[in-house]
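Q: I need the structure of the sequence given here:
(2 chains)
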Protein chains: 2
Amino acid sequence: MNVKEYMVEVGRYAREASRKIAAADTGKKNQALMAISDAIDASRDVILSANCQDVENAERNGLEAALLDRLTLTDKTIDGMNEGLHQVASLPDPVGAITDLNYQPSGIQVGKMRVPLGVIGIIYESRPNVTVEAASLCLKSGNATILRGGSEAIGSNQAIAACIKQGLNVAGLPAESVQVIETTDREAVGELITMPQYVDVIVPRGGKGLIERISRDAKVAVIKHLDGICHVYIDRWADREKAIKVAFNSKTQRYGTCNTMETLLVHQSIAQEVLPELADRYQTAGVELRGCEHTKNILQQVASASDQDWTTEYLAPILSIKLVESMDDAIRHINNYGSHHTDSIITENYTKARRFLTEVDSSSVMVNTSTRFADGFEYGLGAEIGISTDKIHARGPVGLEGLTSQKFVVLGDGHIRN
Amino acid sequence: MNVKEYMVEVGRYAREASRKIAAADTGKKNQALMAISDAIDASRDVILSANCQDVENAERNGLEAALLDRLTLTDKTIDGMNEGLHQVASLPDPVGAITDLNYQPSGIQVGKMRVPLGVIGIIYESRPNVTVEAASLCLKSGNATILRGGSEAIGSNQAIAACIKQGLNVAGLPAESVQVIETTDREAVGELITMPQYVDVIVPRGGKGLIERISRDAKVAVIKHLDGICHVYIDRWADREKAIKVAFNSKTQRYGTCNTMETLLVHQSIAQEVLPELADRYQTAGVELRGCEHTKNILQQVASASDQDWTTEYLAPILSIKLVESMDDAIRHINNYGSHHTDSIITENYTKARRFLTEVDSSSVMVNTSTRFADGFEYGLGAEIGISTDKIHARGPVGLEGLTSQKFVVLGDGHIRN
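A: Numbering: from 1, shown residues only, chains lettered A, B, ... in the order given. A predicted model of the protein is given here:
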């Protein structure tokens, strides 16, 4: 069997399983999640030794340290997987919820029912814990899943897949509800993203290059997350203490995350009041500052920001700073140079706050809040499969609801149209 | 200026206008809709004479009768346009609605705000009334629109575009909120669907060929409507009168619409009771019947249905009929051969009804209701831009809400993450 035939078989099984998992009871899905957790717990040694082998191979092949780190499983990461499974089991089931069921003038009742998307293909890098995380969210939301992890994690993923199958069996759900692709052949990805008859949605998780490539070539819908070029705008009417606290936290609480601030915008009439102290704090924390010409009038020692800085996701202790003449300037900058991810205004002015929330075209818009809060857990979604920078279907953190859509239900009593 | 340069200019204007129209007051948008209606009313002669010229040219070029009919405007169609404009003005504004604003454990408040998609490109055939309809729905939902109508309607569309511009001016909204493409060059469509920097969503309206081509080549999201292969399933526990009434209406109320039934599924144990009378009524109405082998045991004179019949959208007085052994068979047939559009069960059985609603994977699922009700107006959406057969973003009739999405709003008071 070649890769194409194999993928068609995987797709066909997934489509078949998706019908059953879509109609499965909440209780059965939760039972499966708990049983998967039990199986993982019981198979710790098997999973860790498979992972050990993966890590050895990857080291031999010269995988870089950061990626090796993500590949490596420990007892603690396995505890984390199990915690995640229990947490997803405890979330409310979105499937089947009927809302807005109202009578229409014709006498029919029309409402909306929340339903799974069908088959979701997840493409991710060599992080075995994502296998469990993605599988559990898709399972709870009634979707069948085809998982394609990075080739370096193939052994770990197979060991985890065996536990998932076991858990599904315990609950009497089809084992093909979650399939981990067994080949590391790159052609498998090409097939996965071009089988609209078997796959409804692709969720790529990983670097920008991977996501751009998949979006370009996919023949099915893609829920994607590109850059996080997030801004904090310190308005003329900002409270000085809140401004410094939030701007510092948005940059420094973690550097490598997509909701980290990359550009700080400051209204020119408050710049003198906040920038020197902020610059001190950033520099103490080791953050390299790059400023526009007006910034440099206040902070003489900082480097010059070029136009490229405004469109760069540093994912590093670097921050660009720009002074603006008005909130309109700030909003224009954010909408033009940003990535429509997460942007926050610091202000005490009611009208400015209200306008910022409306006019900034980003998946999360905030007032007096650190951008680092843009996260499924912090938003009360319970979990997230990613943060969408798309404009249709789902924007921002995507939880269980983002893995579903709504169909119309119509109840009549022999109603016909005249 | 070549076509590409022209389209980039159109795109740039649209993006700019989209920011303003997204933040426009409900009152101003309604004022524009009314003013467009006034302008159309005042320009009746201009529009009708431009249309007359279009029709003459199309006749000379041998356009077929059905398409000529759709191209032709009359005083009555213009009245219809104005009625539509008033109706859209009277609909509630979806933009800016904030829902589910709740406090999270960290102390931040998180909610969702409904927002326009941005710039919507509409590609449609030579039906000048669609120009007004699409423009008004996009305008009310706060989106900028780029309209590309069929080349035969270019004169009519330009005349209507002038009225739209006038109306936008009266309300002080940017004239580029609605742009009608001024060239009939086909290359313009190719450009329109591949400018993700300027266009957020494409809505193609027209034949299956057009929609498939656009979906294949587009580099932006497409809200699309492919086939309507709709089913009525007469369950073993159906009420005989309701079954006959609904099955007859679903096929014969109109033949050319996407929500017309194309295949009738009948439980074998009720077939003898309902099929002969139904066949009589269909044949009196001039509907050609094609049946499976078991159907032919009951209705001897009907033609044989081939496998191809189960996947054909006739859009004509033809009906295929299949007997099934169980509701599971019926659901399997619908999910495999149907187009996930609209399907209805006729039953008095509570459990069957409940299962059918859950397990049929279509954008509209119905109980004891004619499939012909699948329509934005009948569903209380006020209007529709089309019926989506996609699974993500919007399924079924797409009204104002389907032209928007939701972003997260976060309100804090200097909150930072620890």
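Q: The host helix or strand of A:Val46 packs against which elements?
A: Applying DSSP states H and E as the criterion places A:Val46 in helix A:44-60. Judged by 3 or more Cβ pairs under 8 Å, 6 or more residues apart in numbering or on different chains; DSSP states H and E, the packing partners of helix A:44-60 are helix A:65-71, helix A:75-90, helix A:128-140, helix A:154-170. To be clear about C-beta, it is placed using only N, CA and C from the backbone, and glycine gets the same treatment.
Q: most packed of these?
A: Ranked by mean neighbour count, these are led by helix A:128-140 with a mean of 26 (mean count of other Cβ atoms under 10 Å in any protein chain shown).
Q: if you look at that helix, does any of it touch chain B?
A: No: judged by Cβ under 8 Å from any Cβ of the partner chain, helix A:128-140 makes no contact with chain B; its nearest approach is 14.1 Å.
Q: tell me the angle of that helix relative to helix A:154-170?
A: If you take axes from the mean of the first three to the mean of the last three Cα atoms, to 10 degrees, helix A:128-140 sits at 30 degrees to helix A:154-170.
Q: and after helix A:128-140, which helix or strand comes next?
A: Later in the chain than helix A:128-140, the nearest helix or strand by DSSP H and E is strand A:144-148.
Q: Not counting the helix holding A:Val46 itself, show me its contacts.
A: For helix A:44-60, the external contacting residues (Cβ atoms under 8 Å, 6 or more residues apart in numbering or on different chains) are A:40, A:67-68, A:71-75, A:78, A:126, A:128, A:152-156, A:158-160, A:162-163.
Q: do stretch A:285-295 as well
A: Against stretch A:285-295 from outside (Cβ under 8 Å, 6+ apart): A:248, A:251-252, A:266, A:268, A:271, A:275, A:279, A:282-283, A:299, A:302-305, A:309, A:317-323.
Q: Would you mind writing the CA trace of that stretch as CSV?
A: Taking C-alpha atoms only, stretch A:285-295 is exported to CSV below (Å, rounded to 0.1, in the frame of the first residue of the first chain):
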residue,chain,number,x,y,z
ALA,A,285,15.2,42.7,32.7
GLY,A,286,17.6,42.4,29.7
VAL,A,287,15.1,43.6,27.0
GLU,A,288,16.7,45.3,24.0
LEU,A,289,14.8,48.5,23.1
ARG,A,290,14.4,49.9,19.6
GLY,A,291,12.7,53.3,19.2
CYS,A,292,11.3,55.7,16.6
GLU,A,293,12.9,59.1,16.3
HIS,A,294,10.7,60.7,18.9
THR,A,295,11.3,57.9,21.3
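Q: Can you give me the distance of A:Lys60 to A:Gly150?
A: No, residue A:60 isn't Lys; it's Arg. 16 Å (Cβ to Cβ, to the nearest Å).
Q: the more surrounded of the two?
A: A:Gly150 (23 against 8; other Cβ atoms under 10 Å in any protein chain shown).
Q: Please flag which of the contacts of stretch A:285-295 sit within strands.
A: Under the assignment DSSP state E, the contacts of stretch A:285-295 contribute A:Val266, A:Ala303, A:Ser304, A:Ile318, A:Leu319, A:Ser320, A:Ile321, A:Lys322, A:Leu323 to strands.
Q: which bits of the stretch 251-400 of chain A sit near chain B?
A: Checking the stretch 251-400 of chain A against chain B by Cβ under 8 Å from any Cβ, the hits are A:253, A:335, A:344, A:355, A:357-359, A:361-370, A:372-374, A:378-380, A:390-397.
Q: Give me the buried subset of the residues you listed.
A: Those of those that meet the buried threshold are A:253, A:335, A:344, A:355, A:357-359, A:361-370, A:372-374, A:378-380, A:390-397, by 16 or more other Cβ atoms under 10 Å in any protein chain shown.
Q: ok so, going back, any of the ones in strands among the contacts of stretch A:285-295 buried? List them.
A: By 16+ other Cβ under 10 Å, the ones in strands among the contacts of stretch A:285-295 give A:Val266, A:Ile318, A:Leu319, A:Ser320, A:Ile321, A:Lys322, A:Leu323 as buried.
Q: So what pairs up with the last one in the strands?
A: Bridge pairing for A:Leu323 (DSSP bridges) gives the partners A:Val266.
Q: How much space separates it from A:Thr342?
A: Distance, A:Leu323 to A:Thr342, by Cβ to Cβ: 21 Å.
Q: Is it correct that A:His267 is in contact with A:Asp328?
A: No: shown here, A:His267 and A:Asp328 do not form a contact pair, counting by Cβ atoms under 8 Å, at 11.0 Å.
Q: of these two, who's got more company?
A: A:His267 (23 against 11).
Q: Not counting residues beside it along the chain, what's closest to that one?
A: Among residues not flanking A:His267 along the chain, A:Arg236 sits closest, at 4.1 Å (Cβ to Cβ, 6 or more residues apart in numbering or on different chains).
Q: Need the contact partners of the helix or strand bottoming out on mean pLDDT in chain A.
A: Least confident helix or strand, chain A: helix A:208-217 with a mean of 88, by mean pLDDT, DSSP states H and E. The contact list for helix A:208-217, computed with Cβ under 8 Å, 6+ apart, reads A:123, A:125, A:189-190, A:193-194, A:202, A:204, A:222, A:224-227, B:219.
Q: same thing but at 7 Å, please
A: Helix A:208-217 has contacts (Cβ atoms under 7 Å, 6 or more residues apart in numbering or on different chains) with A:Ile123, A:Gly190, A:Ile193, A:Ile202, A:Pro204, A:Val222, A:Lys224, A:His225, A:Leu226, A:Asp227.
Q: so what's the backbone phi/psi at the second one?
A: For A:Gly190, the backbone dihedrals are phi -60, psi -40 (criterion: degrees, to the nearest 10).
Q: and it, what does it touch?
A: Neighbours of A:Gly190 in contact, by Cβ under 7 Å, 6+ apart: A:Asp217.
Q: biggest strand in chain A by residues?
A: strand A:404-415.
Q: For that strand, what does the pLDDT average out to?
A: For strand A:404-415, mean pLDDT is 97.
Q: What is that strand packed up against?
A: strand A:109-116, helix B:240-252, strand B:364-369 (3 or more Cβ pairs under 7 Å, 6 or more residues apart in numbering or on different chains; DSSP states H and E).
Q: Mind doing that once more with 10 Å?
A: strand A:98-103, strand A:109-116, helix B:240-252, strand B:342-346, helix B:350-359, strand B:364-369, strand B:396-398 (3 or more Cβ pairs under 10 Å, 6 or more residues apart in numbering or on different chains; DSSP states H and E).
Q: Against which helices or strands is the longest one packed?
A: By that I understand helix B:240-252. strand A:404-415, strand B:230-234, strand B:261-267, helix B:268-284, strand B:318-324, strand B:342-346, strand B:364-369.
Q: Any chance of these in JSON lines with distance to B:Gln104 as columns?
A: Below are the helices and strands packed on helix B:240-252 laid out as JSON lines (distance: least, Cβ to Cβ, whole Å):
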{"stretch": "strand A:404-415", "distance to B:Gln104": "22"}
{"stretch": "strand B:230-234", "distance to B:Gln104": "44"}
{"stretch": "strand B:261-267", "distance to B:Gln104": "48"}
{"stretch": "helix B:268-284", "distance to B:Gln104": "54"}
{"stretch": "strand B:318-324", "distance to B:Gln104": "50"}
{"stretch": "strand B:342-346", "distance to B:Gln104": "40"}
{"stretch": "strand B:364-369", "distance to B:Gln104": "35"}
